[in-house]
Every structure is written in C-alpha cells, then in structure tokens.
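>>> kindly return the folded structure for what I paste below:
(4 chains)
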2 protein chains.
Amino acid sequence: MSPASPTAARKPSARERLLAAADELFYAEGVHTVGIDRVIERAGVAKASLYSSFGSKEELVRAYLENRHELRRKRLLAGLERFDNPRDRLLGVFDVLAEVTGTPGFRGCAFYNASAESVAEGGAVDQVSTANRAWTRGLFTELARDAGVADPAALADQLVILYDGASVGGRMDKQAGAAVLARSIAEHLLDAATATA
Amino acid sequence: MSPASPTAARKPSARERLLAAADELFYAEGVHTVGIDRVIERAGVAKASLYSSFGSKEELVRAYLENRHELRRKRLLAGLERFDNPRDRLLGVFDVLAEVTGTPGFRGCAFYNASAESVAEGGAVDQVSTANRAWTRGLFTELARDAGVADPAALADQLVILYDGASVGGRMDKQAGAAVLARSIAEHLLDAATATA
DNA sequence: AAGAGACTAGACAGACCTGTCTGGTATCGT
DNA sequence: ACGATACCAGACAGGTCTGTCTAGTCTCTT
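Presented below is the predicted three-dimensional model:
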C-alpha cells in the first residue's frame, strides 16, 4: 500500500499536527493568549519544527485563519447542497450558522476575534479576515441572484448584517436562538426583495 | 472659589488620568496588547498610584469597561432626547450608532473586543459585558413597548441582532453604511410588529 | 549500507509583562 | 509651621514571551 494512499492511517506530519493544535487553542483561548510553547506541547512537536514550517508566530496565525476559512467554505457549501431550490439555499446559510453557533465550543467568528486582538493594520490577520468577509458577501450575492432578486448586492449587504449579528449573539448570549431569528428576518427581507422586483 | 466648583480648571486626579489613558489605549489597541507601562506613561502617573487606585490590571480593565458603559448609556439617552415620538426614538438608537461607527477612531464594540481577548469565564470583562448587553436589550424592549409593539421583547431580540451586525460591519468593513442599513431593516421590522398586533 | 531530510529535546538570549518596594516631593487643612 | 495625604520616579523580582541554536534520532531512498 502506497504511503500516499488516503485510506492508510499514516501519522500526520508535524505541520498538520501544529495546525490542528493551533486551531483548537487559538480559537478557544485567543491568538494572543496562547503561546508557542502551548501549541508545540499539544501538537507533540519540537519548537524548531514550528519555526522551520511557518517561520514565525504571525505566519502560524495566518495559516490557522486560512485553514479556518477553507473549512468554513467547505462546510457551508456542503451544507447548502441539501436544498433543491435557490430560495432555501439562500436561507440555508442561516441554518448552517444555527448549527455552528449551537455547537458547544462555539466562541464567535474566529476572524473577528483574531482581529480584535491584533495590532497591525495590514498584517496577516487583517488580510485573511478581509478575504473571508469578501467571500461571504460574494456567496450571499450569488445566492440572491440565483433566487431572482432584483438587486442581489443590496440584499447581500443586509444579510451580512444579520449573519454578523447572529454570530455575535451566539457568542455573547450563549444561546443559538439568534441564528434562527436571523433566518426569519432574512426570509422577510428576501420576500420583500423579490416582490418589489 | 471652592475646589469642587465645576468651572474650576483643576488638574484631574491620578485616577481620572489613568482612566482616560486606559480608555484611549485599551480601546485602540486591545486590553491584552497594552501593558501597564504604556498606560502610566500616557497618564503621566507613577506605577504605585495605579496599584493604589485600582489594585490590579484586571480591576483597571473593569473600570475601563464600566466607564465605557456609563458613557455609552449617557450618549445614547442624550441622543434619543431629540426625537419627540416613540417610533423615532426606537429607530434613533441606530442613528446614534451610525454616528459612532462613522467616527474615525471606531474599532467596534469595546465589550466584545475585550471579551475576545479575555480568558476568564466569569471574570471582570465577562461581568461588565453581560451587564452592558442586558442594558441594551432592556432599552430596546422599553422603546418597543413605548412604540406600541405587541411583543416588545421579541422585537428587541431582533433589533439586538441588527445592532450587533451593524457594529461588526462598522469595524470590519471600515464603512458606516451598515448602521444606516440596519436602521432601514429595523424600520421594516417595527412596521411589521405594529401592524400584526 | 549510507546519506539526506525530517524531526525531537531542550538550553539559551533578549525583550516584555505584572506587581512590589523605596525614597523623595508637593500640596493641603489646621 | 507641621503633619497627613496624594503623588512621582524608578529600581527590582519573578515570570512568560518569541525566536535561535546545538545535538542527537528516526525513517526513507538509492
């Protein structure tokens, strides 16, 4: 059996283990709070391996956020596949959000949280967060267009507000109800946007 | 002239200068990033004075947030006084938010930001943030009731989502448009909530 | 068998953090 | 005038942070 076989239970590389450890710790406790030593200890990796793989803590943080972005993208698109019409797919974004905010370990948007901690204006955190937000807005715009909305970008702007608000509510109020509520408002706005064609 | 005279240009106490410096630095750069030395340097105060006034950094952070909460409360209530009917007062919350998010130094909600950085679950940040959110929700509920809404608490839940979403948008997208948009959605929801009495 | 590449363990440097302590100064009420 | 109070300046201790470096091990490939 080749070592590249996907079914082979090969040991994850140091880079993969570092990324997994960084994901857990950075998200749960914050980018600034968690030190390098904590990450390498959980990953079971030597410090030199971290610095040869990523070069600096900031680059590890960038990789952590890029990985989060990719996972979020996949989860969202996969979650939307179960719906068979454009309208449900658009609202389905909030269904997926409700699932995520209901998860025990939910601590809000990783990008916003990292951004709140970061100092640098055009640093790694800023770059990845901006890209992530642009992707979300683009997704909403696309889904709105598919649903036959006259001004998809305008509806997308509204939906982004609801999405962000529900995310904040899920973190601060420790209840997933905000996402369900946001979905119902989104439904309201979608109806208004399609009726006033 | 008595020293307690409000018009006297007395020098602010060490405590007041510390609080002012903490407010600027903590909000602009984050609670964790800014060290004690930076605060006392900007305040022009000795380190011993900080520790005799506040006891610890965490208590300084608590005082910073409590001060923020008090200022926000006053600014909001003062801003709402210019409206002469319940409906405009309710929507006026978003007008005030639009002004705030449009201010050059705006960096999002101080309480959420501090919360994203803090580790402790029931610590000072958590306590003050929770109180601040409860106050906001209570304000919305009260204003909704004054506006003749059938279920004020339900509308308040919706408005909180919009408020949070607009705040996030103002921070991350560097444009104040989100608050204006949130206001228009709020208007929509208010109409729906009063019509379906 | 042998060498290359990836990895581990951990000491170390230099900076920065919170919090304590000493000693000196200025301003107030009496 | 004098004592109390509030305050300033800065050294210091003990800890933690990022990042570098040395030295040794393990596992592939050829």
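
>>> what sits against A:Glu187?
A:Leu91 (C-beta atoms under 8 Å, 6 or more residues apart in numbering or on different chains). Yep, even glycine has a C-beta here, placed from its N, CA and C like the rest.

>>> tell me how chain A divides into domains.
A:12-55, A:65-195 (automatic domain parsing).

>>> right, and A:Ala124 touches A:Leu65 too?
Yes. Counting by C-beta atoms under 8 Å, A:Ala124 touches A:Leu65, with 7.4 Å between them.

>>> neighbour count winner among these two?
Taking other C-beta atoms under 10 Å in any protein chain shown, A:Ala124 and A:Leu65 do not tie; A:Leu65 has more neighbours (26 against 21).

>>> for the residue nearest the centre of chain A, which non-adjacent residue is spatially closest?
Nearest to the mean C-alpha position of chain A, by C-alpha atoms, centre = their mean, lies A:Arg72 at 4.3 Å. Closest residue to A:Arg72 apart from its sequence neighbours, by C-beta to C-beta, 6 or more residues apart in numbering or on different chains: A:Asn132 at 7.5 Å.

>>> count of neighbours near that neighbour?
A:Asn132: 22 neighbours (other C-beta under 10 Å).

>>> where's it, which helix or strand?
helix A:124-146 (DSSP states H and E).

>>> now the helices for chain A?
Taking DSSP state H as the criterion, chain A carries its helices at A:14-29, A:36-43, A:47-53, A:57-80, A:86-102, A:110-117, A:124-146, A:152-172, A:177-195.

>>> among the ones you listed, which comes closest to B:Glu16?
helix A:110-117 (26.6 Å; C-beta to C-beta).

>>> any residue of the closest one touching chain B?
Yes. Against chain B, helix A:110-117 shows contacts by C-beta under 8 Å from any C-beta of the partner chain at A:112-113, A:115-117.

>>> kindly reformat those residues as JSON lines containing distance to B:Glu59, pLDDT and neighbour count.
Shown next, in JSON lines, are those (distance: C-beta to C-beta, whole Å; pLDDT from 0 to 100; neighbours: other C-beta atoms under 10 Å in any protein chain shown):
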{"residue": "A:Tyr112", "distance to B:Glu59": "27", "pLDDT": "96", "neighbour count": "23"}
{"residue": "A:Asn113", "distance to B:Glu59": "24", "pLDDT": "96", "neighbour count": "23"}
{"residue": "A:Ser115", "distance to B:Glu59": "26", "pLDDT": "95", "neighbour count": "24"}
{"residue": "A:Ala116", "distance to B:Glu59": "21", "pLDDT": "92", "neighbour count": "27"}
{"residue": "A:Glu117", "distance to B:Glu59": "21", "pLDDT": "90", "neighbour count": "22"}
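
>>> residue contacts, A:Pro151?
Pro isn't right for residue A:151; it's Asp. A:Ala193.

>>> so where's chain A uncertain?
Applying pLDDT under 70 to chain A flags the ranges A:1-10, A:196-197.

>>> how about a markdown table for the domains of chain A, with distance to B:His188 added?
As requested, the domains of chain A are arranged in a markdown table below (distance: least, C-beta to C-beta, whole Å):
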| stretch | distance to B:His188 |
| --- | --- |
| domain A:12-55 | 35 |
| domain A:65-195 | 7 |
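
>>> ok, back up a step: adding distance to DNA strand C, write the helices of chain A out as CSV.
Below are the helices of chain A laid out as CSV (distance: least, C-beta to the nearest atom of the strand, whole Å):
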stretch, distance to DNA strand C
helix A:14-29, 4
helix A:36-43, 7
helix A:47-53, 4
helix A:57-80, 12
helix A:86-102, 31
helix A:110-117, 14
helix A:124-146, 19
helix A:152-172, 24
helix A:177-195, 33
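
>>> can you put these in TSV and add distance to B:Leu159?
Converted to TSV, the helices of chain A look like this (distance: least, C-beta to C-beta, whole Å):
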stretch	distance to B:Leu159
helix A:14-29	29
helix A:36-43	40
helix A:47-53	45
helix A:57-80	26
helix A:86-102	17
helix A:110-117	20
helix A:124-146	21
helix A:152-172	9
helix A:177-195	10
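
>>> go through those and name the closest to B:Ala192.
Closest approach to B:Ala192 among the helices of chain A (C-beta to C-beta): helix A:177-195, 7.1 Å.

>>> pull up the residues of chain A that are close to chain B.
A:29-30, A:32-33, A:108, A:112-113, A:115-119, A:129-130, A:133, A:157-158, A:160-169, A:171-173, A:177-178, A:181-182, A:185, A:188-189, A:192.

>>> and those, which of them are buried?
Neighbour-count burial (16 or more other C-beta atoms under 10 Å in any protein chain shown) applied to the residues of chain A next to chain B gives A:30, A:32, A:108, A:112-113, A:115-118, A:129-130, A:133, A:157-158, A:160-169, A:171-173, A:177-178, A:181-182, A:185, A:189.

>>> ok, the residue of chain A found nearest chain B - contacts?
Closest approach between chain A and chain B, counting by C-beta to the nearest C-beta: A:Gly165, at 3.1 Å. For A:Gly165, the contacting residues are A:178, A:182, B:160-166, B:168, by C-beta under 8 Å, 6+ apart.

>>> greatest separation within the residues you listed: which pair is it?
A:Ala178 and B:Ala166 (14.4 Å).

>>> tell me which parts of chain A are close to DNA strand D?
A:3, A:35-38, A:47-48, A:51, A:56-58 (C-beta under 7 Å from any atom of the strand).

>>> from those residues, which two are the most distant?
A:Pro3 and A:Gly35 (33.5 Å).

>>> who has more neighbours, the two?
Under the neighbour definition other C-beta under 10 Å, A:Pro3 and A:Gly35 were set side by side, and A:Gly35 has more, 11 against 6.
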